[in-house]
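Peer 1: Just to be clear, the model below is a prediction. Sequence and coordinates:
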Amino acid sequence: MTTDIIGVNAAPGAVTFIVITDAQGCDEQFSTMIEGQKFATPANVILVGAGPHPNQSIPHTKTGSGNHEITVCAETSNVCSEPTPVTL
């Protein structure tokens, strides 16, 4: 199960993040919200074992540059990152 999502960062076309899981790991859909609007097709993330799992990524279709607030959510665990300001 996902217990936390941290280290959210973004670039044109992708949002990256770190997933922290319990001993069971996770197999669930993750989605990205930019300015409160879902942009990514949910990505299925399968992680084995406990611990931080860096370098997770979800594509997004947000166009335009500037400052945005991004939140990454694990759908089954109902865990979301803190809203994170990023510059695209």
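Peer 2: Yep, it's here. Residues are numbered from 1 along each chain as shown.

Peer 1: what pairs with residue 5 across the strands?
Peer 2: Beta-bridge partners of residue 5, counted by DSSP bridges, are residue 19.

Peer 1: any idea which element residue 63 lies in?
Peer 2: Residue 63 is located outside every helix and strand, with elements delineated by DSSP states H and E.

Peer 1: What separation do you get for it and residue 39?
Peer 2: 10 Å (CB to CB, to the nearest Å). (C-beta placed from N, C-alpha, C; glycine too.)

Peer 1: Looking at these two, which has the bigger crowd around it?
Peer 2: residue 39 (18 against 9; other CB atoms under 10 Å).

Peer 1: Verify the stated contact: the more buried one with residue 10.
Peer 2: No - Residue 39 is not in contact with residue 10 according to CB atoms under 8 Å; the separation is 10.3 Å.

Peer 1: what sits in contact with each of the two?
Peer 2: The contact sets of residue 39 and residue 10 overlap at residue 60 (CB atoms under 8 Å, 6 or more residues apart in numbering).

Peer 1: Now for residue 63 and residue 39: what residues contact both?
Peer 2: Joint contacts of residue 63 and residue 39 (CB under 8 Å, 6+ apart) do not exist.

Peer 1: Give the helix, strand or coil label for the most centrally placed residue in the chain.
Peer 2: By CA atoms, centre = their mean, the chain has its centre lying nearest to residue 72, at 3.4 Å. Classification of residue 72 by DSSP: H, G, I helix; E, B strand; the rest coil places it in strand.

Peer 1: List the beta-bridge partners for it.
Peer 2: Bridge pairing for residue 72 - DSSP bridges - gives residue 32.

Peer 1: Residue 26 too?
Peer 2: Going by DSSP bridges, residue 26 forms beta bridges with residue 47.

Peer 1: OK, contacts around it?
Peer 2: Residue 26 neighbours (CB under 8 Å, 6+ apart): 1-2, 19, 45-47, 74, 76-77.
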